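Visitor: Generate coordinates for the sequence data below:
(2 chains)
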Amino acid sequence: MDNATTILAEINGNIGTVGYGLAAIGPAIGVGIVVGKTIESVARQPELQGRLTVLMFIGIAFTEALAFIGIATYFFMTN
Amino acid sequence: MTTNAIMRRILLWGGMLAAAVAVIGGIVGWIAAEGAGVASALVGTALAIVFCGLTAASIVLAFKASRGQMLSGAFFGIVLGGWLVKFVLFIVLVFVLADQDWLHRGVAFGSLVAAVIGSLVIDCVVVATSRQPIVDSDADDETQGRPASGARA
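Guide: This is a model prediction of the structure:
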């Protein structure tokens, strides 16, 4: 090869879509774990349903906050 | 305090936070980019508060739809379905807004992050200060006639 900077592959499009993918993986796993564990806990102790729902909400809120910031970062800060 | 009351308080305090972030973000936006900065701050704040508030709203709605039964398809269908739809809408909105010339991206992003973190703080404070009973008074209904776990016959 005569040129060290030869292009091997070229990708067109918005890099924000890749950012969306990366920002979706973590929160998706997080919400899955939060909801799954809450169902497990309520099945074991139904009388704790009220408290567990609120704690589940806190878990979902934190994971989705990460997703919001991650997605917005790629779309707002890349162009 | 019931779960519904906690969610409603979170929504109420979230509205107040939105007003505060919009005012502070608007001032910063005006300094950074005048009219476009103010509009960007309002857009960022609205995006964050509406989409964060939808989680609490979906839980209130889901409890009503499932008649207080958490272990039901209706409850998780509404909460998780709402989560999915919310993110699709958020991505579409951000995708459209990112190409707008009038939007000051730095101000919009800053106000969005401030509002998201603020709403997390509100969630934690409201839950920490709420006086929720450890054992639900409706436990008999939730077990549908069966004794609750740990109960002796």
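
Visitor: just checking, what packs against the one helix or strand residue B:80 maps to?
Guide: Residue B:80 is part of helix B:73-98 when elements are defined by DSSP states H and E. Contacts of helix B:73-98 with other secondary structure elements, assessed using 3 or more CB pairs under 8 Å, 6 or more residues apart in numbering or on different chains; DSSP states H and E, are made with helix A:15-44, helix A:49-77, helix B:3-65. Quick note: C-beta positions are derived from backbone N, CA and C, even for glycine.

Visitor: Identify whichever of those helices lies nearest to residue B:133.
Guide: helix A:49-77 (7.4 Å; CB to CB).

Visitor: From the chain's centroid, how far away is the closest one?
Guide: The chain centroid and the centroid of helix A:49-77 are separated by 8 Å, computed with CA atoms, centre = their mean, to the nearest Å.

Visitor: Same check on stretch B:34-49?
Guide: Using CA atoms, centre = their mean, the distance between the centre of stretch B:34-49 and that of its chain works out at 18 Å.

Visitor: now that stretch: mean pLDDT?
Guide: Mean pLDDT, computed over stretch B:34-49, is 88.

Visitor: repeat for stretch A:62-72
Guide: The predicted model assigns stretch A:62-72 a mean pLDDT of 86.

Visitor: quick one: contacts of that stretch?
Guide: Stretch A:62-72 is touched from outside by A:19-20, A:22-24, A:26-27, A:30-31, A:34, B:47-48, B:51-52, B:55, B:83, B:87, B:90-91, B:94, B:109, B:112-113, B:116-117, B:119-120, with contacts defined as CB atoms under 8 Å, 6 or more residues apart in numbering or on different chains.

Visitor: and those, which are buried?
Guide: In terms of neighbour count (16 or more other CB atoms under 10 Å in any protein chain shown), the buried residues within the contacts of stretch A:62-72 are A:19-20, A:23, A:27, A:30-31, A:34, B:47-48, B:51-52, B:55, B:83, B:87, B:90-91, B:94, B:109, B:112-113, B:116, B:119-120.

Visitor: Against which helices or strands is the helix or strand hosting residue B:106 packed?
Guide: When secondary structure is defined using DSSP H and E, the element that contains residue B:106 is helix B:105-129. With contacts defined as 3+ CB pairs under 8 Å, 6+ apart, the packing partners of helix B:105-129 are helix A:49-77, helix B:3-65.

Visitor: Can you list the buried residues in it?
Guide: B:105-116, B:118-120, B:122-123, B:126-127.

Visitor: With the flanking residues excluded, which residue is spatially nearest to residue B:2?
Guide: Of all residues beyond its chain neighbours, the one nearest residue B:2 is residue A:50 (6.7 Å), with distances taken as CB to CB, 6 or more residues apart in numbering or on different chains.
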